[in-house]
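[1] Have a look at this prediction, sequence included:
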Amino acid sequence: MIGDLDFDRFDFRPLVRADLMLLADWHAAPHVSRWWTTAADLETEYLTGADGTKRFVVQLDGRPTGLVQLYSLADSPEYASLVGAEPGEVGIDYLLGDAADVGRGVGPAMLAAFLEKFVTTNANVTGVRVDVAEANRRSWRTLEKLGFVRTLTGISVPGEPGPHYVYVLTDRRSFPA
């Protein structure tokens with residue numbers, strides 16, 4: 001539990017075609033579009049599955065509230081090198097779709113619940129590595145609340161504006177419980 005949000009209040013279901021309109025609405029919201037590059041074709045970007053990324057719609061008490069993506073950094077050697085990935089690490093990307101959820105502790109609770117369900121129980125995962133825009137304070141503060149440590153600053157991520165930080169969570173004792 002983080003704050004008053006029990007982890008069991010979150011469900012994670014695979015993203016499906018019927019979610020694309022919801023995803024388009026989320027991408028259009030100012031609190032998302034500022035940080036999240038939107039593909040011209042959401043179906044191709046999110047549903048082809050060619051890149052091995054697993055995408056989940058996050059539901060809080062049955063209400064769609066966000067998106068989390070999980071991927072093996074080894075599947076993208078160029079990006080893995082850019083962020084300093086170690087063998088066995090995974091990456092995540094995340095967003096809260098509803099602006100009303102921002103600043104209420106939903107982000108940290110959502111990610112903690114996700115990590116508990118999909119990452120910390122996987123013995124093959126040695127850590128989680130995330131790049132986040134330096135200007136996106138809410139996002140990197142969420143990571144810090146969960147025990148992530150900043151390891152790089154000022155990196156340029158292709159296709160994304162501004163310099164980025166890289167955060168890493170490797171100590172299983174720091175993983176959310």
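    Happy to help now that I have it. Numbers count the residues shown, from 1 in each chain.
[2] Point out where this protein drops to low pLDDT.
    Flagging of the chain using pLDDT under 70 yields the residue ranges 1-5, 37-46, 48-50, 171-177.
[3] would you list every one of the helices in it?
    Along the chain, counting by DSSP state H, helices occupy 20-28, 30-33, 42-47, 77-83, 106-114, 137-145.
[4] Could you say which of these is packed most deeply?
    For these, the largest average neighbour count (mean count of other CB atoms under 10 Å) is found in helix 106-114, namely a mean of 24. All C-beta spots, glycine's among them, are computed from the backbone N, C-alpha and C.
[5] got the contact list for that helix?
    1-3, 5, 7, 9-10, 12, 56, 58, 60, 65-66, 68, 70, 92, 94, 96, 101, 138-139, 142-143, 145-146, 176 (CB atoms under 8 Å, 6 or more residues apart in numbering).
[6] quick check: angle from the longest strand anywhere in the chain to helix 106-114?
    What stands out as the longest strand in the chain, according to DSSP state E, is strand 63-72. If you take axes from the mean of the first three to the mean of the last three CA atoms, to 10 degrees, strand 63-72 sits at 50 degrees to helix 106-114.
[7] Tell me which other helices or strands strand 63-72 touches.
    Applying 3 or more CB pairs under 8 Å, 6 or more residues apart in numbering; DSSP states H and E, one finds that strand 63-72 makes contact with helix 20-28, strand 54-60, strand 89-96, helix 106-114.
[8] if we go to 7 Å?
    Under the contact criterion of 3 or more CB pairs under 7 Å, 6 or more residues apart in numbering; DSSP states H and E, strand 63-72 touches strand 54-60, strand 89-96, helix 106-114.
[9] Between these, which one is closest to Glu160.
    Smallest distance to Glu160 across these (CB to CB): 10.8 Å, for strand 89-96.
[10] Could you list the buried residues of the closest one?
    Going by neighbour count (16 or more other CB atoms under 10 Å), the buried part of strand 89-96 is 89-92, 94-96.
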